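S.K.: A structural model of the following input is requested.
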Amino acid sequence: MGDTVSFFDEKENGLRPGIVIEKNIKYVCLRDEKDPYRIWKVPYCFLNLANVNTDIHCQHREKLSKNHLKMGDCVGFNKDGRQISGVVTRLNYKTVSLITADGHRWRASYGCLYKIIDADLAKRVAELNLID
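M.R.: Purely as a prediction, here's the structure:
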């Protein structure tokens, strides 16, 4: 009780920090560190007690899939000869929803995307407060 652990959030496809508030036989109740008013009831198998790196890295030339991305990642794709880059806001079944720094929303299939490293892009999108 009171320990800080990380757990897997299916919606964001990544780990979230939480504080243990109650333990049950099958589940553990956690208070979300990012949103203290949110309580999570997760199975023990979703906990990452050893802080193991759980990111899945794709091989060179391998197409991206839902397992390779998480919300907040910077990605890009080509549209009619233009390069569009944005931040992932939602992981759909066949497509990714993303938003660009100028506020445009796009959906692209996983096969068209490539990961990019652009700290300025993520900061500009966060400043617009457009991520759901």
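
S.K.: low-confidence ranges in this structure?
M.R.: 13, 52-62, 118-119, 122-123, 125-132 (pLDDT under 70).

S.K.: Break down this protein into its helices, ranges please.
M.R.: Secondary structure of the chain, counting by DSSP state H: helices at 119-128.

S.K.: Identify the spatial nearest neighbour of residue 105, chain neighbours not counted.
M.R.: Once flanking residues are discounted, residue 105 sits nearest to residue 99: 5.3 Å by C-beta to C-beta, 6 or more residues apart in numbering. Yep, even glycine has a C-beta here, placed from its N, CA and C like the rest.

S.K.: shouldn't the one you found be in contact with residue 107?
M.R.: No. Residue 99 is beyond contact range of residue 107, at 10.6 Å (criterion: C-beta atoms under 8 Å).

S.K.: So between the two, which is more surrounded?
M.R.: Remark: of residue 99 and residue 107, residue 99 carries more neighbours, 19 against 11, as counted by other C-beta atoms under 10 Å.

S.K.: The more buried one pairs with what?
M.R.: residue 87, residue 105 (DSSP bridges).

S.K.: Domain parsing of the chain, as residue ranges.
M.R.: Here the domain parsing of the chain from automatic domain parsing is 4-48, 66-128.

S.K.: and the residue nearest to residue 105, how far is that from residue 108?
M.R.: 12 Å (C-beta to C-beta, to the nearest Å).

S.K.: Hmm, residue 12 is touching residue 69, no?
M.R.: No. With contact defined as C-beta under 8 Å, residue 12 does not count as touching residue 69 (10.2 Å).

S.K.: No further questions, thank you.
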